[in-house]
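Q: build the 3D model from these lines:
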Amino acid sequence: MKEISVQELKAKIDNKEDFQLIDVRETFEYEVSNLDGENIPLGGILIEADKVSKDKPVIIQCRSGKRSAAAVMQLEAQYGYENLYNLKGGILAWQEAFDPGMPVY
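A: Okay, the predicted model is just below:
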């Protein structure tokens, strides 16, 4: 599984690179804090796989990196995606590195 660090994600955002960010946390978690990604909870990721781009990098994130890793594995196994990256450490790593005031739970 390919992974990306929060530092690499921030560089992509700062450089305005073309990629898709998907947050697989539950909606109530997303509403507490998010990185402006598209919210597709893990339970629905296979059902809504048509929303996941195949023609540009897709970074999948959650709270700590565990659910996003599961989403990457499911999408790769079921649909053959090759452009997915798991965000190491999830939103907790982002908060620690860049936004200490960000509310997390």
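Q: and E3, how many neighbours?
A: Around E3 there are 15 other residues, counting by other C-beta atoms under 10 Å. (Glycine included, C-beta is placed from N, CA and C.)
Q: scratch that, K66
A: K66: 12 surrounding residues under other C-beta under 10 Å.
Q: same thing with K54?
A: 14.
Q: roughly how far does it sit from D36?
A: In this structure, K54 and D36 are separated by 21 Å, where distance is defined by C-beta to C-beta, to the nearest Å.
Q: equivalent analysis for I47, please.
A: Here the distance between I47 and D36 works out to 23 Å (C-beta to C-beta).
Q: what of L46?
A: Taken as C-beta to C-beta, the spacing of L46 relative to D36 amounts to 23 Å.
Q: okay, these two: which has more neighbours?
A: Neighbours around L46 and D36, counted as other C-beta under 10 Å, are more numerous at L46. The numbers are 15 against 7.
Q: need the contact list for the more buried one.
A: L46 is in contact with Q74, L75, Q78, Y79, counting by C-beta atoms under 8 Å, 6 or more residues apart in numbering.
Q: kindly reformat the residues you listed as JSON lines containing secondary structure.
A: JSON lines is the format used below for the contacts of L46 (DSSP: H, G, I helix; E, B strand; the rest coil):
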{"residue": "Q74", "secondary structure": "helix"}
{"residue": "L75", "secondary structure": "helix"}
{"residue": "Q78", "secondary structure": "helix"}
{"residue": "Y79", "secondary structure": "helix"}
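Q: can you select the buried ones among those residues for me in ChimeraX?
A: The ChimeraX selection below is limited to those of the contacts of L46 classed as buried (16 or more other C-beta atoms under 10 Å):
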select :74,75
